[in-house]
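Student: What follows is a predicted protein model with its sequence.
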Amino acid sequence: TYMSARDLINVIRKRAGKWTFSVAENQEKTGDYSADLASQTPATITIDYILDERLREYFGEGYRWLDLVRTQMWKEKAGQYEICGADYGDHTKQTIVRTIEDYHYLRPIPQGQLDAMTMTEEEKAVYQNPGY
């Protein structure tokens, strides 16, 4: 059967809405918030929504950079961000702007890998990704 993007996202959101444990309270806790979560899913699913949903679903698992590079949205989504101050207890928002060049969409080939190759230095320089 055909399922829309919204239907598929709601499969995940409904699963996430069923609680069996509260981390905050460090104890078992039964709760079903699946209907609330599903009702908050927008009618139209955009690439921005999918990227944000993947950020929430896979937070801390290392997929964000790959998602943003794959969709060519790294500059747009990560070129500027807000963060609190560096000192303990400093909640003053700071806007950080960083320059993401086109060549940053590829990672450099590790020097150890290049050193292990039987090539001339000129050939290794050509083999390396542009900009590195």
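Tutor: That came through fine.

Student: Then residue 21 would be within a strand, right?
Tutor: Yes - counting by DSSP: H, G, I helix; E, B strand; the rest coil, residue 21 is located in a strand.

Student: how about the nearest residue to it, chain neighbours excluded?
Tutor: Nearest residue to residue 21, sequence neighbours excluded (CB to CB, 6 or more residues apart in numbering): residue 28, at 5.6 Å. Just so you know, the C-beta spots here come from the backbone N, C-alpha and C atoms, and that holds for glycine as well.

Student: Could you look up the SS state of that neighbour?
Tutor: When classified by three-state DSSP, residue 28 comes out as strand.

Student: so what pLDDT did it get?
Tutor: Turning to residue 28, the model gives it a pLDDT of 93.

Student: That one: what's it in contact with?
Tutor: 20, 21, 22 (CB atoms under 8 Å, 6 or more residues apart in numbering).

Student: If we use 10 Å, what do you get?
Tutor: Going by CB atoms under 10 Å, 6 or more residues apart in numbering, residue 28 touches 19, 20, 21, 22.

Student: Report the beta-bridge partners for the last one.
Tutor: When bridges are called by DSSP bridges, residue 22 pairs up with residue 27.

Student: What distance do you get for the residue nearest to residue 21 to residue 37?
Tutor: Distance of residue 28 to residue 37, computed by CB to CB, to the nearest Å: 20 Å.

Student: thinking again about what came up before, quick check: the farthest pair among the contacts of residue 28?
Tutor: 20 and 22 (9.1 Å; CB to CB).
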